[in-house]
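> my questions are about this predicted structure, shown below with the sequence.
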There are 2 protein chains.
Amino acid sequence: VAVETLVYEGKAKRLYSTDSDQVLLMEYKNSLTAFNALKKGEFEGKGQINCEISTLLFRELKKNHVSSHWLETVPPNKMRVLRTKIIPLEVVVRNRIAGSLAKKFKLHDGDLLQKPLVEFYFKDDALADPFVSNEQIECFGWATREEIRQLQTMALQINQILIQVFHQCRLNLVDFKVEFGRLTSGEIVLSDEISPDSMRVWDAATGERYDKDRFRLDLGDVKTGYNEILQRLKLALGGLQ
Amino acid sequence: VAVETLVYEGKAKRLYSTDSDQVLLMEYKNSLTAFNALKKGEFEGKGQINCEISTLLFRELKKNHVSSHWLETVPPNKMRVLRTKIIPLEVVVRNRIAGSLAKKFKLHDGDLLQKPLVEFYFKDDALADPFVSNEQIECFGWATREEIRQLQTMALQINQILIQVFHQCRLNLVDFKVEFGRLTSGEIVLSDEISPDSMRVWDAATGERYDKDRFRLDLGDVKTGYNEILQRLKLALGGLQ
């Protein structure tokens, strides 16, 4: 194995080069941030938990024919992924009203939407990731109209699969954020991660929140919440092997 | 003529009932506001100038087969309009970067867009008229997908006509906001007003601003700017008769 060189460090992950041009090693860090990095925290084992949850979900999506950058997981907290050119959009899928949507329209947290809502945010920390319309995305050249349609379709497919998975775990998938990247072939694949950092999952019976809102809103021990999601997923999906 | 009863008072206009169920009398006020009504002002003759500009533009749009609520003007500052059920969206068309778009993406004021950009804002003072996507409009039932397409098409048509009109006046149409309403037949028509309150028009040679930005940003006498637009339009379009 060639020497691994750090090629990118983000708020919750590091990316390293590997012996293959097409492959990167993604390391999940123990840190977490909220409110455009104004609030910072970390806990021991967070990187491992998120890596394991992402692994289970990427694997389940793959079984359901959703292509992602995930190749294999290198325990405890790394995964080998395909190198992609990231599309600079955060793609949010909402099943229920929560977070910024509740705030923007003064709506009631937890209310079900008639059908899933896909939203795009332009990935730019300096601009605080502004909400953008399809027309703006096209106008500024971040994706073509055809690509936007493909992102919406893929996001809704992923949502349907994840809803099922979490349903088996007696969890409601309230919303989540995904990112997509282009392979050198031009194919668009799911990229980044899918973890409690980037989703809201509530206990189906009690409404207890197990995701990053625990950290954002100081709702209880964060590790306990993340671990609850992981243990339920393992039970439903049969562990990492 | 039946007694006219005030049925609505907004920031810059009043609406009165008439002897016909289908017709309202719209009065242009001398007041103007900015920044979600945090900044307030007024000047003598403003209502009349805006009514005359709106008249000239509605008339020109009608010649070009764009239906609006405008029936006839009652000088100095009123017009008879068709009663519509307003669609709660501000439809913005931008030809150049300015105002909130420049701020949102930290872009250069005045830069030309590759093609006109249509944006929707949800009309709600308490929410400060948030920017919304087509998906949100559909999701919350403010308009159907087909209606959104129609609004976009009509807004772009209006833009092409207005660009030509202002070009004859040696003015650049930077952006504008329009509203639409549904007639009892269900037909969607241009509603509200088209005036310097709701558009940016800059001198084509010098870039001098003649619109509400003079008021927003204290760029010079507001009445002088509004009157400049009116006089140039009268010269190009042949007055109110």
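Yep, that arrived.
> mind listing the helices for chain A?
Listed in chain order, the helices of chain A (DSSP state H) span residues A:46-63, A:99-105, A:134-139, A:145-168, A:213-216, A:222-237.
> so which of those helices comes closest to residue A:14?
Among the helices of chain A, the nearest to residue A:14 by C-beta to C-beta is helix A:46-63 (9.6 Å). C-betas here are computed from N, CA, C, even on glycine.
> show me the contact partners of that closest one.
Counting by C-beta atoms under 8 Å, 6 or more residues apart in numbering or on different chains, helix A:46-63 makes contact with A:12, A:27-32, A:68, A:70, A:73, A:75-79, A:158, A:161-162, A:165, A:190, A:193-197, A:222-223, A:226-227, A:229-230, A:233-234, A:237, A:240, all of which sit outside it.
> equivalent analysis for stretch A:230-241, please.
Contact partners of stretch A:230-241, identified using C-beta under 8 Å, 6+ apart, comprise A:49, A:52-53, A:55-57, A:59-60, A:73, A:75, A:165, A:168-171.
> and the residue nearest the centre of chain A, what pLDDT?
Note on chain A: the residue nearest the mean C-alpha position is residue A:194, at 3.2 Å, using C-alpha atoms, centre = their mean. Residue A:194 is assigned 98 on the pLDDT scale.
> for it, give me its contacts.
Listed by C-beta under 8 Å, 6+ apart, the contact partners of residue A:194 are A:53, A:54, A:57, A:58, A:162, A:176, A:178.
> what does chain A put close to chain B?
Within reach of chain B by C-beta under 8 Å from any C-beta of the partner chain, chain A has these residues: A:104-106, A:113-115, A:117-120, A:122, A:126-127, A:130-136, A:139-140.
> mean neighbour count added to the helices of chain A, as CSV?
What follows is the helices of chain A, written out as CSV (neighbours: other C-beta atoms under 10 Å in any protein chain shown):
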stretch, mean neighbour count
helix A:46-63, 21
helix A:99-105, 16
helix A:134-139, 20
helix A:145-168, 16
helix A:213-216, 20
helix A:222-237, 18
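> below-threshold pLDDT in chain A: ranges please.
Scanning chain A with the threshold set as pLDDT under 70 gives A:1-3, A:240-241.
> and if we set it to 80?
Where chain A drops to pLDDT under 80, the residues are A:1-3, A:239-241.
> OK, contacts around residue A:113?
The neighbours of residue A:113, taking C-beta under 8 Å, 6+ apart as the test, are A:94, A:95, A:96, A:97, B:139.
> gap between the closest residue to residue A:184 other than its chain neighbours and chain B?
Using C-beta to C-beta, 6 or more residues apart in numbering or on different chains and skipping residues adjacent in sequence, the residue nearest residue A:184 is residue A:22, 7.2 Å away. Distance, residue A:22 to chain B, using C-beta to the nearest C-beta, to the nearest Å: 33 Å.
> hmm, residue A:22 is touching residue A:81, no?
No - with the criterion set as C-beta atoms under 8 Å, residue A:22 and residue A:81 do not qualify as a contacting pair; they are 9.9 Å apart.
> of the two, who's got more company?
For residue A:22 versus residue A:81, neighbours defined as other C-beta atoms under 10 Å in any protein chain shown are more numerous around residue A:81 (25 against 12).
> so how far is chain B from that one?
Applying C-beta to the nearest C-beta, the value for residue A:81 to chain B is 29 Å.
> ignoring the adjacent residues along the chain, who's closest to that residue?
Take residue A:81 and drop its neighbours on the chain: the residue closest to it by C-beta to C-beta, 6+ apart is residue A:69, 4.2 Å away.
> tally of neighbours for that neighbour?
Number of residues near residue A:69 (other C-beta under 10 Å) recorded here: 24.
> would you list the phi and psi of it?
Residue A:69 has phi and psi values of phi -80, psi -10 when expressed as degrees, to the nearest 10.
> now do the contacts for it.
Remark: with contacts taken as C-beta under 8 Å, 6+ apart, residue A:69 is in contact with A:81, A:82, A:83, A:84, A:181, A:189, A:190, A:191.
> of these, which belong to strands?
A:81, A:82, A:181, A:189, A:190, A:191 (DSSP state E).
> list buried residues within those.
Among those, those buried by neighbour count (16 or more other C-beta atoms under 10 Å in any protein chain shown) are A:81, A:82, A:181, A:189, A:190, A:191.
> state the distance from the first one to residue B:111.
Going from residue A:81 to residue B:111 by C-beta to C-beta, to the nearest Å gives 37 Å.
> what does the fourth one give?
As for residue A:189, its distance to residue B:111 is 34 Å (criterion: C-beta to C-beta).
> pull the number of nearby residues for residue A:144.
11.
> grab the nearest non-local neighbour of it.
Distance criterion C-beta to C-beta, 6+ apart; nearest residue to residue A:144, sequence neighbours excluded, is residue A:138 at 6.8 Å.
> surely the one you found is in contact with residue A:145?
Yes - the pair residue A:138 and residue A:145 qualifies as a contact (C-beta under 8 Å) at a distance of 5.5 Å.
> picking up where we left off before, and the contacts of residue A:69, which two are furthest apart?
Of all pairs drawn from the contacts of residue A:69, the greatest distance, 14.2 Å, lies between A:83 and A:190 (C-beta to C-beta).
> leaving out sequence neighbours, find the closest residue to residue A:176.
residue A:199 (3.6 Å).
> quick one: that neighbour from chain B, how far?
Applying C-beta to the nearest C-beta, one obtains 19 Å for the distance of residue A:199 from chain B.
> residue contacts, that residue?
In this structure, residue A:199 makes contact with A:173, A:174, A:175, A:176, A:177, A:211, judged by C-beta under 8 Å, 6+ apart.
> out of those residues, which end up buried?
Here, 16+ other C-beta under 10 Å leaves A:173, A:174, A:175, A:176, A:177, A:211 buried among the contacts of residue A:199.
> separation between the fourth one and chain B?
To tie it back to what came earlier, the one meant is residue A:176. Distance from residue A:176 to chain B, by C-beta to the nearest C-beta: 16 Å.
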